[in-house]
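In: quick one, what's the 3D model for this:
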Amino acid sequence: MQAHVSVDVGMPSSWRAGKRLHGICCKHPGVLRRVLSPRVATSPTAITGGQETQSNEQADLHFSSVDVKTTGSSAWQQEQPQQQRAPSSFSWTKQWWPVGIIAEMDKKKPTAVTMLGHTYVVWFDFKAEQWRVMEDRCPHRLAPLSEGRIADDGTLACSYHGWQFNGRGTCTNIPQIGDSAKMHAACASPRACVASFPTTDSEGLLFAWLEAGPQAEAEAAAKRPYSMPEFKDTPEYSAPWFTTQAPVDYTYWLEQGMDPTHANFLHHTCGFLMSAALPMPYERIKGVTVNGGFVWKHGPYDISQEGMQAERQLIPPNALRVVYDRGFVRGFVTMGVPVRPGISRVFARFKVSGTPKKNMANKPNIFNLPHWARGQSPLPDQDTVVNVKQEALMREFNQGPRDYNLFSGADQGIIASHRWFEAAGYKDMWKQRMGPLADGSSGNGNSNGNGTAESSSSAATTAAGSASQSVGAQYAYKPYTPPTQDDIFSQYERHTKQCAVCQAGMKQTQRIADAVSVAALGFAVAAVAVTAAAKGAFGPFTVAGTVVLAGLAGACVWLRQQILLFRYTQFINSEYNWHRDGGLSLVKGNPIMLKLSHL
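Out: Purely as a prediction, here's the structure:
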């Protein structure tokens, strides 16, 4: 027996329907999730006056409501099973993917960067004055080139046996071959080459095209990385890029970006107020296309946004554009990168209102402070904590986005996001890139729609001959393991590891702490010397001098501890600050005790 629940958003009957649904849930908790299809009858709305305008058109808030190319209304039961869907024609590798913030990259050494499950080596080619992205393995013994070095002649040298490669991936030197002719013959072999991928820079980011070869060069040249048009408006100020990596799946990047109403509650301590939250007016998403993504328009969700109209747009596969027509923050763009199943990296940039002359944020920083010296916002930790634990719970109970109970039209963006992931073949992408699970099974049977651990033993490898598919050995990836507390709050893994500026900051703060230690010791020695020089005749000046010097020594000891604590929480692990500030409970408490070895 099938049942159907219809809820009119904003109408009194919604409460009655909600109670009715609650009663059914209580009686049949195991059956309802698989049988019922929660539907919300609403309409495209005029986003004016902060109210929703009802019409006769119906929008179904389930995973058939925002369909690919058209808005269907079939129930979940009537859909074809997911495994029977035709393979997606969408190419995940024939795209520009953000690699790093150029201002934060180190030109002096190669760096490993993982994208779409494969690891690449990123290095600066001084001869060509160009950043290079190549497969991260030397063809000799398959050692990682990211652990190599930049040779004096500007080539990338493997630290294992000294093989060298130019920016095109061609081998230029094999030290183990003494005969020049034989060495050049060996270097000319395709087996001695490393796949090199097209790169370009755009607005401060380095991008890589994850296909190699002449055809890939031509395809990459015909397409530019996404650039948010609003950043080019001179009356607006564009803030610098920042980046973070989180132990959560790529799908949550888009979920968060298409879920504006979470801000007042999850980010209550970051400029939003729970008490200022509003029911958000919205327009219905008219459709999702694989290559075109979708656009969603909505109104204010905070009382401070009265009359605001906003637009959220997915530009496949990795750009989320958000613009507001008023307010200090006029919009932002985030660019996501699926690192590995269950791990994602995000680049973000905001733009604010005002002219360059009036906007304080755009004035030169007279102290030229690096970004780490300005402290850190708890916002990334808030997103990470919730999403990590949400994903772990969903996997534990074998649930996915189709198990969400979405009663509000404000959740349309979440549905559209997952409809796009399904249409683009997100699960199949991981199978093709990484092969089956380590035990040869399909894992724990996750049906969460994000494809982070679902795999099939039939997809062990991809088509031979594709340079992009040859990157990194096709090692089967392990089943999902819930991240630990260290994983969640590890600032080193999430940011510092990929940021040369913060790596330098770690060294600088350590040197400052060491200098303060020397000063403390000096003041202590001086206090002892003053006391010894008095030879028992303690006059007022002797006592005052001793007290001052001892006080200065104590102050230096305290200052050293504070510097090292800042260094630890800023660059290594932020769990101390999280507990100090009360986390998401907002109940401030004693911070966790840090072992002396951490400092």
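In: now the end-to-end length of stretch 230-248.
Out: One end of stretch 230-248 sits 29 Å from the other (CA to CA, to the nearest Å).
In: likewise for stretch 254-271?
Out: Criterion CA to CA; first-to-last residue distance in stretch 254-271 is 22 Å.
In: contacts for that stretch?
Out: Stretch 254-271 is contacted by residues 272-274, 276-277, 280, 296, 298, 301-302, 310, 312, 314, 320, 322, 334, 336, 377-379, 382-383, 386-387, 408, 410-411, 413-414, 416-418, 420-421, 581, 584, 586 when judged by CB atoms under 8 Å, 6 or more residues apart in numbering. C-beta here means a position set from N, CA and C on the backbone, and glycine is covered the same way.
In: could you rerun that using 6 Å?
Out: 272, 274, 277, 280, 301, 312, 320, 334, 377, 379, 382, 410, 413-414, 417 (CB atoms under 6 Å, 6 or more residues apart in numbering).
In: could you pull out the strands for the stretch 51-200 of the chain?
Out: 96-101, 111-115, 118-125, 130-135, 149-150, 156-157, 164-165, 171-173, 196-197, 199-202 (DSSP state E, counting those that start in this stretch).
In: Pro240 is nearest to which of these?
Out: Closest to Pro240 of these is strand 96-101 (CB to CB; 8.0 Å).
In: just how off-centre is that closest one within its chain?
Out: Distance of strand 96-101 from the chain centroid (CA atoms, centre = their mean, to the nearest Å) equals 12 Å.
In: then stretch 260-274?
Out: Taking the mean of its C-alpha atoms, stretch 260-274 sits 19 Å from the chain's own mean (CA atoms, centre = their mean).
In: what do you get for stretch 201-209?
Out: On the basis of CA atoms, centre = their mean, stretch 201-209 sits 16 Å off its chain's mean C-alpha point.
In: tell me the buried residues in that stretch?
Out: Leu205, Leu206, Phe207, Ala208, Trp209 (16 or more other CB atoms under 10 Å).
In: spatially, which two of the residues you listed are the most separated?
Out: Top of the distance list for those (CB to CB): Leu205 and Trp209, 13.5 Å.
In: in strands only, show me the buried residues of stretch 201-209.
Out: Using DSSP state E, Leu205, Leu206, Phe207, Ala208, Trp209 are the members of those that sit in strands.
In: for the host helix or strand of Thr334, packing partners?
Out: Take DSSP states H and E as the rule and Thr334 turns out to sit in strand 329-340. Judged by 3 or more CB pairs under 6 Å, 6 or more residues apart in numbering; DSSP states H and E, strand 329-340 is in contact with helix 250-257, strand 319-324, strand 343-352.
In: tell me which of these is the most buried.
Out: helix 250-257 (a mean of 25; mean count of other CB atoms under 10 Å).
In: count the neighbours of Gly589 for me.
Out: Neighbourhood size, Gly589 [other CB atoms under 10 Å]: 11.
In: is Val248 in a helix, a strand, or coil?
Out: Three-state call for Val248 (DSSP: H, G, I helix; E, B strand; the rest coil): coil.
In: let me see the contact set for it.
Out: Listed by CB under 6 Å, 6+ apart, the contact set of Val248 reads Asn387, Val388, Glu391.
In: any idea which of those is closest to Pro401?
Out: Nearest to Pro401, judged by CB to CB, of those is Glu391 at 11.1 Å.
In: distance of the closest one from Ala544?
Out: Applying CB to CB, to the nearest Å, the value for Glu391 to Ala544 is 62 Å.
In: so where's the stretch 401-550 of the chain uncertain?
Out: In the predicted model, the stretch 401-550 of the chain carries pLDDT under 70 at residues 436-479, 535-539.
In: what about 80?
Out: 435-480, 534-542 (pLDDT under 80).
In: the helices in it, which residues?
Out: Per DSSP state H, counting those that start in this stretch, the stretch 401-550 of the chain has helices spanning 412-423, 426-434, 485-489, 491-494, 500-534, 540-567. These are given in chain order.
In: ok, the stretch 251-400 of the chain next?
Out: With DSSP H, counting those that start in this stretch, the ranges of helices along the stretch 251-400 of the chain come out as 263-266, 379-396.
In: make CSV from those and add mean pLDDT, mean neighbour count and distance to Gly213 to it.
Out: Formatted as CSV, the helices of the stretch 251-400 of the chain follow (pLDDT from 0 to 100; neighbours: other CB atoms under 10 Å; distance: least, CB to CB, whole Å):
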stretch, mean pLDDT, mean neighbour count, distance to Gly213
helix 263-266, 94, 18, 44
helix 379-396, 93, 19, 36
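In: what would the ones you listed look like in TSV with distance to Ser91?
Out: As requested, the helices of the stretch 251-400 of the chain are exported to TSV (distance: least, CB to CB, whole Å):
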stretch	distance to Ser91
helix 263-266	34
helix 379-396	26
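In: out of these, flag the one nearest Met506.
Out: Closest among the helices of the stretch 251-400 of the chain, using CB to CB: helix 379-396, at 18.5 Å.
In: for that closest one, give me every contacting residue.
Out: Residues outside helix 379-396 that contact it (CB under 6 Å, 6+ apart): 244, 246-248, 252, 266-267, 270, 446, 448, 480, 482-483, 488, 574, 578.
In: any of these buried? List them.
Out: Taking 16+ other CB under 10 Å as the criterion, what is buried in the contacts of helix 379-396 is 244, 246-248, 252, 266-267, 446, 448, 480, 483, 488, 574, 578.
In: by mean pLDDT, flag the weakest helix or strand of the protein.
Out: Counting by mean pLDDT, DSSP states H and E, the chain has its least confident helix or strand at strand 6-8, which shows a mean of 30.
In: and the nearest residue to Ala500 once chain neighbours are set aside, how close does it get to Ser189?
Out: Of all residues not flanking Ala500 in the chain, Asp106 sits nearest, at 3.8 Å (CB to CB, 6 or more residues apart in numbering). For Asp106, the distance to Ser189 equals 31 Å [CB to CB].
In: same question for Pro98.
Out: Per CB to CB, Pro98 is found 33 Å from Ser189.
In: these two: who's more crowded?
Out: Between Pro98 and Ser189, counted using other CB under 10 Å, Pro98 has the larger neighbour count: 24 against 10.
In: so what's the more buried one bridging to?
Out: Pro98 has these beta-bridge partners by DSSP bridges: Phe207.
In: ok, now which ones touch it?
Out: Contacts for Pro98 (CB under 6 Å, 6+ apart) come out as Leu205, Phe207, Met335, Phe347.
In: and the last one, how far is that from Pro260?
Out: Going back to what we said before, that points to Phe347. 20 Å.
In: got a list of what Val322 touches?
Out: By CB under 6 Å, 6+ apart, the neighbours of Val322 are Arg312, Gly331, Phe332.
In: nearest to Lys127, out of these: which one, please.
Out: For the contacts of Val322, the minimum distance to Lys127 (CB to CB) is 37.0 Å, reached by Phe332.
In: Thr269: how many residues sit nearby?
Out: Thr269 sits with 16 neighbouring residues when counted by other CB under 10 Å.
In: against Pro401, how distant is it?
Out: Counting by CB to CB, the gap from Thr269 to Pro401 is 28 Å.
In: swap in Pro380?
Out: Plainly put, Pro380 is 22 Å away from Pro401 if you go by CB to CB.
In: which residues does Trp86 contact?
Out: Actually, residue 86 is Ala rather than Trp. Taking CB under 6 Å, 6+ apart, one finds nothing in contact with Ala86.
In: okay, it: pLDDT?
Out: You'll see Ala86 listed with a pLDDT of 72.
In: how close does it get to Lys431?
Out: On the measure of CB to CB, Ala86 and Lys431 end up 15 Å apart.
In: Pro175 now?
Out: 40 Å.
In: what do you get for Ala527?
Out: 69 Å.
In: with Tyr250 instead?
Out: Noted for Tyr250: a distance of 15 Å to Lys431, by CB to CB.
In: on that earlier part again, can you tell me what sits against the strand holding Thr334?
Out: 97-98, 114-117, 228, 230, 236, 250, 253, 257, 318-324, 344-353.
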